[in-house]
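**Q** here is a sequence with its predicted model. Questions after.
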Amino acid sequence: MVLVIYGALKMADSRPVARPLSPHLQIYKPMLSMMMSIIHRITGAALFFGTILFVWWLSAAAHSDGYFNLVQGFFGHWFGRLILFGFTWALVHHMLGGIRHFIWDTGRGFALPMVEKLVWANLIGSIVLTMLLWVVGYGVLP
Amino acid sequence: MIDMQTPLKQVRGLGASKTGTEHFWQQRLTAIFNVPLILYFICFILRHLGATRAEVVASLQNPFEAVFLLLMLASVFWHMRLGMQVIIEDYVHEPRSKIAALVLSTVFVALMFVIAATSILKMSLA
């Protein structure tokens, strides 16, 4: 009884109490599935701004020969190619990550060994496909 | 389970967001459309590596190319507007900064889309 009254009095007391906070990112050991979730978001944000590259190229093509040659020259330069390489990987990685989410949307693939497999398939797949696209790219380059 | 919602709220099923699952649904739908459209986009880029301006214009005068590129842009740009909204809502909590960031991201997407679409149409209809 005394305890109940004490509890009620405690509840009525609205002063902030130093309660433990829920564990956040810095508490957890970084796991691959967690890193992939973060990378999915980072690649998404990078692609958001990366659209500038394609819009720049398109608008240059609509503008004039001189301006288009300048933009093509930039993307042909090693620095431009480095940016495009990063863009390609972000695009492929984000797309494979999206397919991973489609699989989860069907209610499948939630068992931890399967999650682990999907994570590795996403990571290795994105690197292999990016390399492949660039090999094809250099193959078709005039 | 005790339900604190009014019967009307329950029937509408829109929850605290007031828009229900609309955001999630549009995000997934555009994601599905993005897969074939981005594959097309990658092929389009591969076919135009080191191309001259005349070659790009000639491609876009094929209505299929112009239409598929416009569809790709519409789906991708709507998808990324939705995605950036989630990122902003997750990290920006102060109401004024949040609204400013949301408006800016939408303006960015609208601007990119209109510039891209105008460029495509200009070349396509030239």
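**A** All right, it came through fine.
**Q** is there proximity between the host helix or strand of B:Ser75 and chain A?
**A** Following DSSP states H and E, one finds B:Ser75 within helix B:63-91. Yes: applying C-beta under 8 Å from any C-beta of the partner chain, one finds helix B:63-91 in contact with chain A at B:Val76, B:Phe77, B:Met80, B:Gly83, B:Met84, B:Ile87. (Each C-beta comes from the backbone N, C-alpha and C, glycine too.)
**Q** pretty sure the second one contacts B:Phe108?
**A** To tie it back to what came earlier, the one meant is B:Phe77. No: counting by C-beta atoms under 8 Å, B:Phe77 sits too far from B:Phe108 to count as a contact (9.8 Å).
**Q** if you count what's nearby, which of these two comes out ahead?
**A** Per other C-beta atoms under 10 Å in any protein chain shown, whichever of B:Phe77 and B:Phe108 has more neighbours is B:Phe77, with 22 against 18.
**Q** now do the more buried one, the pLDDT please.
**A** Note for B:Phe77: predicted pLDDT of 98.
**Q** list the contacts of it.
**A** Contacts for B:Phe77 (C-beta atoms under 8 Å, 6 or more residues apart in numbering or on different chains) come out as A:Thr51, B:Val109, B:Met112, B:Phe113.
**Q** wait, the third one sits on A:Leu53?
**A** The reference is to B:Met112. No: counting by C-beta under 8 Å, B:Met112 stays clear of A:Leu53, with 10.6 Å between them.
**Q** neighbour count winner among those two?
**A** The neighbour comparison of B:Met112 against A:Leu53 (other C-beta under 10 Å) goes to B:Met112, with 22 against 16.
**Q** what sits against the residue in chain A positioned nearest to chain B?
**A** Of all residues in chain A, the one sitting closest to chain B is A:Ala62 (3.7 Å; C-beta to the nearest C-beta). If you count contacts by C-beta under 8 Å, 6+ apart, A:Ala62 has them with B:Thr118, B:Ser119, B:Ile120, B:Lys122, B:Met123.
**Q** buried among the residues of helix B:63-91 next to chain A? Need that as a selection in ChimeraX.
**A** Buried members of the residues of helix B:63-91 next to chain A, defined by 16 or more other C-beta atoms under 10 Å in any protein chain shown, are picked up in ChimeraX with:
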select /B:76,77,80,83,84,87
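**Q** circling back: ok, so of the contacts of B:Phe77, who is nearest A:Val17?
**A** Closest approach to A:Val17 among those (C-beta to C-beta): B:Val109, at 44.5 Å.
**Q** tilt between the helix or strand hosting that closest one and helix B:63-91?
**A** Element membership for B:Val109 (DSSP H and E) is helix B:95-124. Here the directions of helix B:95-124 and helix B:63-91 differ by 170 degrees (axes from the mean of the first three to the mean of the last three C-alpha atoms, to 10 degrees).
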